[in-house]
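Peer 1: Using only what follows, build the 3D model:
(2 chains)
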Amino acid sequence: MKRRLFTSSENETRTDGGTTVPADAEPSPGSDSDTDPQETQSSGGFGSSFDSEFVQSLPFWLPPFLLMGFFVYGAIGWNLLISLTDLSGYALPDYSTLDFEQYTRAFSSPEFLSAAQNTVALLVAFTLTSVAVGLALAILIDRQIRFEDGFRTIYLLPFSLSFVVTAQLWLWMYDYNNGIVNMVFRSGGISPPDWIGNPQFVLGAVIFALVWQFSGYAMVVFLAGLQTIPDEHFEAARIDGASTVRMYWRVIIPQLRGSMISALVVLMIVALKTFDFLYALFGQYQPKKGSDILATLMVREAFSNNNLAYGSAISILLFVMALGVIGPYLYSQYRRGEL
Amino acid sequence: MQDLRGSIGYWRITLYAVLALLVGFFLIPIEAGLVTSFKTTEAVTRTAPYLPPGPGGFTLQNWVAAFDALSNGLVNSLLLAIPGTILSATLGSLAAYGLTQVSWRGQLPVLLLFVAAVFIPYQAVLVPLSKFWTVYVPLQELFPILAQHHATLLELIITDTAYGIPICTVLFRGYYMGLSGEMIEAAKLDGASVATIYRRIVLPLSGPMFAVTFIFQFTQIWNDLLFPLILVPGASSQAAPVTLSLVGLGETLSGTDYGLRMAGAFITALPTLLVFILFGDQFARGIAGRS
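Peer 2: Sure, this is the predicted structure:
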């Protein structure tokens, strides 16, 4: 019997595989539905009904697909084209001469290289810390405590906030003279830095605030994963005399690999595209020295400096980085039968 | 069921102590912001940030001033978030149905495109989006009957809908894959068409998932700054949603005006905080659904 994470889940019609252990965290194992298409197709002589079902399905998925395809993939394709022009200001793109000048410009720019470095640092530190904190929160909450729902709600609360709101709150937290962070440091006898204004510390300060906002997200993903692990696994590990720490490390955490991967992918994409927080934190397009990332550089070049083609090129490079994260994830989902 | 009743109380006390400390970590920035929003400028520096205003330090003026600055933005954000959420959730449900309960060749690549679209950084579409709405399809010029700010809001609604479809489709797909196959098969044997099955079986069962998707997508659109920043002329524009208005408000403040800044932050956050507190379960399930 699996424990329920959401009180209203009893109302759902489910096809859980009983004591089957899903390969990942999703409550609805993909393997259950994988056989359905094959069964339908293997009924053989009903080619006409197969075709008619496809035709009947078109009104359902085709309009959203076209709208999404135009605005997402059409826009990306156009963006790639613009990045090969020298478009700037309010002119129309000139497609007669296409080259990679904007990419050459990017890779020879110290500003770009610094932003790329900060992007990678942010991505690694933010992602790993959020996952570690989220996993710890999930394990603590999952130990059949009272007020479980209350704790979960509190830890997830920051995730509901806008980046813009989070930035205002942490401006106050990091205020040099009166902020709580420096109050804590001073009470410990340490002379604190100006977190937001000091290039040495500003990226760390940004990462800390983002971890505060997103570790609740990671917690929920892991909680969902923990809920899919049968009680028998906990009992079996305990009967073997394993300590709690060893039980989690050896038995439970390996079964959360699917949750781990999902959380990592989403958080890495958040790190790559974070713009709102930095823009609101500094009140302008130019983040403080030491915290400029590709996401902010791109928007600034395109819409503040009017270098549209250069901004497009930077955003294509960001997109390629995102593909480097998404591609392996989608492939692993496909191999596991989730797609 | 893990039975910890036999464990010594020490571990349980330690567990609750750690959980309480974590509550502090997650709530202190919010609590400090909230109490600061009720302090006069002088009280902000006179009392510790996490303490309520002392005698004579309390004021509602920050909230009044912030509401004045943000009220138009709040209206605009509602005008964006409500239709944007309804449209993308509806289209997501339709797309997910067409990709799960109906079988056809070519389904997998279409599904892959929906899923991949969830993860694309919006930076990759900003320049084309800006050119599209300002040069190629300027709604205000095409439909002069529209006021400029209404045309801009409409552009944002269409944009938010288009970019909300991928995640809504993924959420509904996870749900529809869990629906009992027996009901669908029985209906098919009875000769029900694809459309009839959706209207009579799938849609009535979709209530819980619509709730999850509405809550998740409303929060996404309400909280967004990047699209409005690109498509709206400026923070003072009549079409500026509340996130852009809050940034504009923040830009006008000196470093010490934390009372007004915090009041503005909470006015902006109030709708999504309320949605979250009232529907935390659905919100959490929406998040977990992405895993």
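Peer 1: How about the secondary structure of the residue in chain B positioned nearest to chain A?
Peer 2: Here chain B gets closest to chain A at one residue, residue B:98, 3.1 Å apart by Cβ to the nearest Cβ. C-beta: built from backbone N, CA, C; applies to glycine. Of the three states, residue B:98 takes helix according to DSSP: H, G, I helix; E, B strand; the rest coil.
Peer 1: Wait, it touches residue A:56, no?
Peer 2: No: the pair residue B:98 and residue A:56 does not pass the contact test of Cβ atoms under 8 Å, sitting 9.1 Å apart.
Peer 1: what about the longest helix in chain A?
Peer 2: Identified as the longest helix of chain A according to DSSP state H is helix A:110-141.
Peer 1: Low-confidence bits of chain A, can you list those?
Peer 2: A:1-51, A:241-242 (pLDDT under 70).
Peer 1: what's the residue closest to the geometric middle of it?
Peer 2: Nearest to the mean C-alpha position of chain A, counting by Cα atoms, centre = their mean, stands residue A:266 at 2.0 Å.
Peer 1: Work out for me the element that one sits within.
Peer 2: With secondary structure defined by DSSP states H and E, residue A:266 is part of helix A:257-273.
Peer 1: Report the buried residues of that helix.
Peer 2: Of the residues in helix A:257-273, those buried under the neighbour-count criterion (16 or more other Cβ atoms under 10 Å in any protein chain shown) are A:258-273.
Peer 1: Just flag the most distant two among those residues.
Peer 2: Distances among the buried residues of helix A:257-273 were taken as Cβ to Cβ; the most separated pair is A:258 and A:273, at 23.4 Å.
Peer 1: near chain B too, which of the buried residues of helix A:257-273?
Peer 2: Among the buried residues of helix A:257-273, proximity to chain B is found for A:258-259, A:262-263, A:265-266, A:269, A:272-273 (Cβ under 8 Å from any Cβ of the partner chain).
Peer 1: could I get those residues as CSV with distance to residue A:327?
Peer 2: Output for these, formatted as CSV (distance: Cβ to Cβ, whole Å):
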residue, distance to residue A:327
A:258, 17
A:259, 20
A:262, 15
A:263, 18
A:265, 10
A:266, 15
A:269, 12
A:272, 14
A:273, 17
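Peer 1: Contacts for the helix holding residue A:266 next, please.
Peer 2: Outside helix A:257-273, the residues within contact range by Cβ atoms under 8 Å, 6 or more residues apart in numbering or on different chains are A:22-26, A:119, A:122-123, A:126-127, A:130-131, A:134-135, A:210, A:214, A:217-218, A:221-222, A:224-225, A:294-295, A:318, A:321-322, A:325-326, A:329, A:332, A:336, B:119, B:121-123, B:290-291.
Peer 1: Beyond the one helix or strand residue A:236 maps to, next helix or strand please.
Peer 2: In the assignment (DSSP H and E), residue A:236 maps to helix A:231-239. Sequence-wise, the next helix or strand beyond helix A:231-239 is helix A:244-247, with elements assigned using DSSP H and E.
Peer 1: can you pull the contacts of residue A:60?
Peer 2: B:94-95, B:97-98, B:102, B:194, B:198.
Peer 1: Now that we have these, which of them are buried?
Peer 2: Neighbour-count burial (16+ other Cβ under 10 Å) applied to the contacts of residue A:60 gives B:94-95, B:97-98, B:102, B:194, B:198.
Peer 1: wait, which of those residues is closest to residue A:199?
Peer 2: Distances from residue A:199 to the buried ones among the contacts of residue A:60, taken as Cβ to Cβ, are shortest for residue B:95 (46.0 Å).
Peer 1: Surely residue A:248 touches residue A:140?
Peer 2: No: at 10.8 Å, residue A:248 does not count as touching residue A:140 under the criterion of Cβ under 8 Å.
Peer 1: ranges for the helices of the stretch 151-300 of chain A?
Peer 2: A:163-173, A:180-187, A:202-227, A:231-239, A:244-247, A:257-273, A:276-282, A:294-299 (DSSP state H, counting those that start in this stretch).
Peer 1: okay, the angle between the next helix or strand after the last one and helix A:110-141?
Peer 2: Put plainly, it is helix A:294-299. Per DSSP H and E, the first helix or strand lying C-terminal to helix A:294-299 is helix A:308-335. With axes from the mean of the first three to the mean of the last three Cα atoms, to 10 degrees applied, the angle from helix A:308-335 to helix A:110-141 works out at 30 degrees.
Peer 1: distance between helix A:308-335 and the chain's centre?
Peer 2: Using Cα atoms, centre = their mean, to the nearest Å, the mean C-alpha position of helix A:308-335 is found 13 Å from that of the whole chain.
Peer 1: same question, stretch B:189-205
Peer 2: Remark: stretch B:189-205 is offset 31 Å from the chain centroid, using Cα atoms, centre = their mean.
Peer 1: Kindly report the same for stretch A:222-238.
Peer 2: 25 Å.
Peer 1: buried ones in it?
Peer 2: Judged by neighbour count (16+ other Cβ under 10 Å), stretch A:222-238 contains these buried residues: A:222-230, A:234, A:237.
Peer 1: Do me a favour and get the end-to-end distance for it?
Peer 2: This stretch, stretch A:222-238, spans 21 Å end to end (Cα to Cα, to the nearest Å).
Peer 1: is that stretch anywhere near chain B?
Peer 2: Yes: looking at stretch A:222-238 against chain B by Cβ under 8 Å from any Cβ, the contacts come from A:223-225, A:231, A:234-235, A:238.
Peer 1: Could you dump these into CSV with distance to residue B:211 added?
Peer 2: Shown next, in CSV, are the residues of stretch A:222-238 next to chain B (distance: Cβ to Cβ, whole Å):
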residue, distance to residue B:211
A:223, 19
A:224, 17
A:225, 23
A:231, 29
A:234, 31
A:235, 35
A:238, 37
